[in-house]
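>>> Give me coordinates for this.
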Amino acid sequence: MLATLLPPAAAAFDAVAARFDERYGSWKSVSAQRRAVRAALIDAFPAGSRLLELGGGTGEDAEWLASHGRIVQLTDVSPSMVRIATTKLAGLGVPAPLVAPAEALDMIAAQVDTPFDGAFSNFAGLNCVSDLSPVARGLASLVRPNGKVVLVIFGVCSPGEWFVQLLRGDIRAAVRRASRGDVHARLGGKDFLVRYHRRSDVARTFAPMFRLVRTRGIGVFVPPSAAEPWISGHPGLLRVLEKLDTLASRPLALFGDHVLYEFERTAFEVRA
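Purely as a prediction, here's the structure:
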């Protein structure tokens, strides 16, 4: 009954929550891209940082960051994902995960006493949000001045995606990221919408509350998950591609399967 009341994206991820870690956790391309993101998170957020995570899913990144001295308030729109994350994070000294959509962060603001040192969102959770404006305003009210925000969003110009999908003969999937509007997606037998956000749109939406510091490509050479399970069967090749990514992540940032945006909170005040 609950699933029928959820927003479409929440219902879709709710439907796959129980098997999410089992499926994606075994894929080596996902692990390689996650290592790149985690290196950036450690660089952006010193030990002891109090962080807000948007679209934290089952808590994989929050658990890892907690083990490295960061305190993460996980949020996700899927109740089932949050239940799994709650079990996973129990006893790690982090706040209880919350069910909250990224575009309604005012729900979080009413429950916190002090601003967060930073915030992050990994692996395209924000691609389930068509309009990032309320996300930007919400983060501006929750993150302290000079705090960092790291957002990992699908790239719109990913040669790896083109190559893999064309090899599979799926032309529509190969070009779907070129769309400027909402694109239909399906997961767990549920339909929902995604939006492929362009760099110029992201930077403009978050200004002047946030200053874009840098971008990095996540998966410039490491292929997208569409290459699974084939690429996991070729670990030597994947190691080479991962090393190439360390060299190409900044100069070829916009060609990543994902693009990591690192922002810094400015002194601009958000007016109600």
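
>>> Nearest residue to Gly138 in space, please, no chain neighbours.
The shortest distance from Gly138 to any non-neighbouring residue, by CB to CB, 6 or more residues apart in numbering, is to Leu105 (2.7 Å). Where you see a C-beta, it was placed from the backbone N, CA and C, and this is true even at glycine.

>>> give me every residue that touches that neighbour.
Leu54, Pro134, Val135, Arg137, Gly138, Leu139, Ser141, Leu142 (CB atoms under 8 Å, 6 or more residues apart in numbering).

>>> ok, now how distant is it from Gly219?
To Gly219, Leu105 is 27 Å away according to CB to CB, to the nearest Å.

>>> ok, which stretches of the stretch 51-200 of the chain are helices?
For the stretch 51-200 of the chain, the helices defined by DSSP state H, counting those that start in this stretch cover 60-67, 79-89, 106-109, 133-142, 159-167, 171-175, 199-206.

>>> among those helices, which is nearest Phe268?
Smallest distance to Phe268 across those (CB to CB): 7.4 Å, for helix 133-142.

>>> Buried ones in that closest one, by neighbour count?
In terms of neighbour count (16 or more other CB atoms under 10 Å), helix 133-142 has its buried residues at Pro134, Val135, Ala136, Arg137, Gly138, Leu139, Ala140, Ser141, Leu142.

>>> The second one against Asn127, yeah?
No - using CB atoms under 8 Å, Val135 and Asn127 do not qualify as a contacting pair, with a distance of 11.6 Å.

>>> Can you read off the pLDDT for the residue nearest to Gly138?
Here the pLDDT value assigned to Leu105 is 92.

>>> That one and Ser130, how far apart?
Distance from Leu105 to Ser130, counting by CB to CB: 16 Å.

>>> May I have the beta-bridge partners of the closest residue to Ala119 other than its chain neighbours?
Spatial nearest neighbour of Ala119, chain neighbours left out: Leu52 (4.1 Å); criterion: CB to CB, 6+ apart. Per DSSP bridges, the residues bridged to Leu52 are Gln73, Ala119.

>>> centroid residue for this structure?
Asn122 (2.2 Å; CA atoms, centre = their mean).
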